[in-house]
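Peer 1: take this sequence and fold it.
(chains A and B)
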Amino acid sequence: MSDVRWAYAINQWDTNIDSFVRKREHERAFKTASISGFSAVELTAASFGAWEPLGTPQQITDLYGSLEGFREVLSACALDAVSSYVYDPSVGFEVEMGRGPDPLNPESVGEITRTARWFADALRRLGGSVLVVRAAPSAWQTGPLSDEQIGVLADLWDTVGEAIAADGIALGLHVDFLSALRLGDGIHRLLAATDPAKVGLAIDTAEYAISGIDPVAFYRQYADRVVHVQLKDARATVDEAEASTPHAEQFIRTEGGARKILRWFYEPSDERALVDFEGFVGALAEHGYRGWIVVESDQSPHPAESTMVAGWYVQKVLRPIVEGARVSA
Amino acid sequence: MTTDRPPIKWSYMDHWRAQGPAGPYDQWQSKLAMKRFLQQVAAVGFDAIDTFDFRIWQIFEQYGSVANYQEFVQEQGLERIVNTFHGVYYSPDRYAPEVPATHPTIIEDFQHTLDMWSGIQLDNIIVMPGSRFFDEAGVSDDGLKHAADIWGKVGELTQQYGVNLTCHHEFYAGIRTRDQIDRFYSYADPRYVKFFVDTAQHCIADVDPVGVYEKHHERVTGFHFKDTRHKDTNDDYRMFPDAEVSATTTEKWFYEMGTAEGLVDFEAMMRSVRDHGYTGWISVEHDKADKLGGDYAESTAISRWYAKNVLDGIYNEKVTR
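Peer 2: Residues are numbered from 1 along each chain as shown, chains lettered A, B, ... in the order given. Here you go, the predicted structure:
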């Protein structure tokens, strides 16, 4: 088996609390990902009880009988695994659409660690290997993070990383374009403050590109910390001031801010916009990256089309770069 | 255990709609739209596409020539264009297979059509062999004989271009029942008049697609593998202008193969195709897949998933005889 495995993030199918609930819808998405050349899917933690049946290990179990039963469904759809789960600590699972603990509160470590282990155990049983976490709250909520706040986050993620390592699951810190970590040198300071043996990095090409960070250069700088990759494209950048708009999730990411940008994220394709995918996967190959490459669009009016167009680009362009480099090495 | 026979190749019949920022569009509206369409078809493992020959004018305008268009198809990773469906208005005063007086016009039309497509090598040109008949009586026996006669002449012509003339029977068409189909082929010269089996169309018309294939398999030169969830039990075939879009009781007739609740037994179909020694291309089609909230892209992915994960295995099984 190649050291690099390709997965597709199916969050673009799950657009609301009462969509993407039927097993038939799941199976159609899984088959679409499989026949487009992907061997696994990435799931996103979500809280709306039985109406978000892939949102937690409990909901998967409730709908499919057990995690193992769910894995059999994946296998019947010609998929090998759930590559990864994306978990934002601000999501609470006690009530529908609940709010979770504040990662900047030192007293949250225990609860976040328990939740992370819940997902990590599920990943182990579903053939996955990475828990991707939203590493910090939004920029508008905190402003630039102080050294003390960075220290709290570092302690949290060191603890979580060590805990889920017991399940054989790696921790990948995810930074999105609205994250407080995109302000100033936040990401660099958090990486410096965490233990590389416990805390890895999940690079999301579009989130970095929108933040004005070159994902290729960033990867090269931190190649030894990267445990997970998410490939998606973007067409516009957001500066620190715009990212700090109060309730930016609604006013910027959903409504598009003053520019009325209604779609930020695009599937990787040969119509590339901000992200140099060929340069990025070339750098992965050069540094001997091993692990999942998750392709996604996050937002797409047409999930199947996005998956298939990206599948073409992976099969015809990106995978040959990765595999060609490996052969020549 | 598998056979030494080459695997089936899968072609996609190019029905498509997608939603753009300005609303629905199809792949012929721009080269970018065509590129994305072809990439999606190639991504899920189709080997080629089929098309309609009424696209010829868009091909000339956008690509310069049929050969140029096929090169564009190949640049996206597909092998070629395999078949074209001949679209023409049938009218008893001008162009109708059952009316001998119109036969010179039909011959002239095909001469012209084949000249226009001669820049590439097609396998089949697909026709509806009969006109529409909206009354219960349907086409007369003499009409079937006249139709068989003209398609024999057309087939002789198309073979000079290395292309088969092959007949496709819509559930609303003039030659739609098993009896009409059997009589038509009994009159038609098997050297020149071939048969193109559309699994869903036959099923809707209450014709068993496996049975009609097995009866006429020696002249079968291709398939549309598509599914349906409904038979025409209300004489919808008589609806004007086209029951596929105007039937009041059934908004959507066609589904991709692999759909739940499909009426076509594709596994039986594939076993029969295998056992009768068919080799070469099978076309997949799901026209109007976007009705009732459907999505062409997803239907195309699901159908190809089914071909790869279910049907290819059946075809490649070695059968002890």
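Peer 1: list the contacts of residue 202.
Peer 2: Defaulting to chain A. Residue A:202 sits next to A:130, A:132, A:172-174, A:226-230 when contact means CB atoms under 8 Å, 6 or more residues apart in numbering or on different chains. No exception for glycine: its C-beta is placed from N, CA and C like everyone else's.
Peer 1: hmm, I had chain B in mind actually
Peer 2: Residue B:202 makes contact with B:169, B:171, B:208-209, B:212, according to CB under 8 Å, 6+ apart.
Peer 1: pull the longest helix from chain A.
Peer 2: When chain A is parsed with DSSP state H, its longest helix is helix A:147-165.
Peer 1: residues of it that come out buried?
Peer 2: Buried residues in helix A:147-165, counted by 16 or more other CB atoms under 10 Å in any protein chain shown: A:149-150, A:152-154, A:156-161, A:163-164.
Peer 1: export the contacts of residue A:202 as JSON lines, with columns for neighbour count and distance to residue B:200.
Peer 2: As requested, these are exported to JSON lines (neighbours: other CB atoms under 10 Å in any protein chain shown; distance: CB to CB, whole Å):
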{"residue": "A:130", "neighbour count": "26", "distance to residue B:200": "43"}
{"residue": "A:132", "neighbour count": "30", "distance to residue B:200": "43"}
{"residue": "A:172", "neighbour count": "28", "distance to residue B:200": "46"}
{"residue": "A:173", "neighbour count": "27", "distance to residue B:200": "51"}
{"residue": "A:174", "neighbour count": "21", "distance to residue B:200": "45"}
{"residue": "A:226", "neighbour count": "21", "distance to residue B:200": "49"}
{"residue": "A:227", "neighbour count": "25", "distance to residue B:200": "48"}
{"residue": "A:228", "neighbour count": "28", "distance to residue B:200": "44"}
{"residue": "A:229", "neighbour count": "25", "distance to residue B:200": "42"}
{"residue": "A:230", "neighbour count": "26", "distance to residue B:200": "40"}
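Peer 1: and the longest helix for chain B?
Peer 2: Looking across chain B with DSSP H, the single longest helix is helix B:141-159.
Peer 1: contact partners of the helix or strand following the longest helix of chain A?
Peer 2: Next along the chain after helix A:147-165, taking DSSP states H and E as the criterion, comes strand A:170-174. Contacting residues not belonging to strand A:170-174 are listed as A:84, A:86, A:116, A:129-135, A:157, A:160-161, A:164-165, A:190-191, A:194, A:198-202, A:204, A:207, A:227-228, A:230, A:291 [CB under 8 Å, 6+ apart].
Peer 1: residues contacting residue A:122?
Peer 2: With CB under 8 Å, 6+ apart, residue A:122 has these contacts: A:57, A:60, A:67, A:82, A:85.
Peer 1: just those residues: which are in strands?
Peer 2: A:82, A:85 (DSSP state E).
Peer 1: which bits of chain B sit near chain A?
Peer 2: Residues of chain B found near chain A (CB under 8 Å from any CB of the partner chain) are B:18-19, B:32, B:36, B:39-40, B:42-45, B:76-77, B:258, B:260, B:295, B:297-298, B:300-302, B:304-305, B:308-309.
Peer 1: hmm, 7 Å instead?
Peer 2: Residues of chain B found near chain A (CB under 7 Å from any CB of the partner chain) are B:18-19, B:36, B:39-40, B:42-45, B:77, B:260, B:295, B:297-298, B:301-302, B:304-305, B:308-309.
Peer 1: out of the residues you listed, which are buried?
Peer 2: Looks like the residues of chain B next to chain A have B:18, B:36, B:39-40, B:42-45, B:77, B:295, B:297-298, B:301-302, B:304-305, B:308-309 buried, using 16+ other CB under 10 Å.
Peer 1: how about low-confidence regions in chain A?
Peer 2: Residue ranges of chain A with pLDDT under 70: A:1-2, A:325-329.
Peer 1: that one: strands as residue ranges?
Peer 2: Here chain A has its strands, by DSSP E, at A:4-9, A:40-44, A:81-87, A:91-92, A:98-99, A:130-134, A:170-174, A:200-204, A:226-231, A:233-234, A:265-266, A:291-295.
Peer 1: distance check, residue B:212 against chain A.
Peer 2: Using CB to the nearest CB, to the nearest Å, residue B:212 is found at 30 Å from chain A.
Peer 1: spatially central residue in chain B, please.
Peer 2: Nearest to the geometric centre of chain B sits residue B:224, at 4.9 Å (CA atoms, centre = their mean).
Peer 1: can you show me the strands along chain B?
Peer 2: B:9-13, B:18-20, B:23-25, B:48-52, B:81-85, B:124-127, B:164-167, B:194-198, B:220-225, B:227-228, B:254-255, B:281-284.
Peer 1: any chance of the ones you listed in CSV with mean pLDDT as columns?
Peer 2: Formatted as CSV, the strands of chain B follow (pLDDT from 0 to 100):
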stretch, mean pLDDT
strand B:9-13, 98
strand B:18-20, 87
strand B:23-25, 90
strand B:48-52, 98
strand B:81-85, 98
strand B:124-127, 98
strand B:164-167, 98
strand B:194-198, 98
strand B:220-225, 98
strand B:227-228, 98
strand B:254-255, 96
strand B:281-284, 98
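Peer 1: can I get those in TSV with distance to residue B:68?
Peer 2: Output for the strands of chain B, formatted as TSV (distance: least, CB to CB, whole Å):
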stretch	distance to residue B:68
strand B:9-13	20
strand B:18-20	23
strand B:23-25	22
strand B:48-52	14
strand B:81-85	12
strand B:124-127	20
strand B:164-167	24
strand B:194-198	27
strand B:220-225	25
strand B:227-228	34
strand B:254-255	31
strand B:281-284	23
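Peer 1: ok, now which ones touch residue 281?
Peer 2: No chain was given, so I picked chain A. Residue A:281 makes contact with A:318, A:321-322 under the criterion CB atoms under 7 Å, 6 or more residues apart in numbering or on different chains.
Peer 1: correction: the question concerned chain B.
Peer 2: B:9, B:11, B:82, B:123, B:222.
Peer 1: burial of the last one, as a residue count?
Peer 2: The one in question is residue B:222. Residues within reach of residue B:222, counting by other CB atoms under 10 Å in any protein chain shown, total 24.
Peer 1: please name the bridge partners of it.
Peer 2: residue B:196 (DSSP bridges).
Peer 1: and the least confident of the contacts of residue B:202?
Peer 2: Among those, residue B:171 has the lowest pLDDT, at 94.
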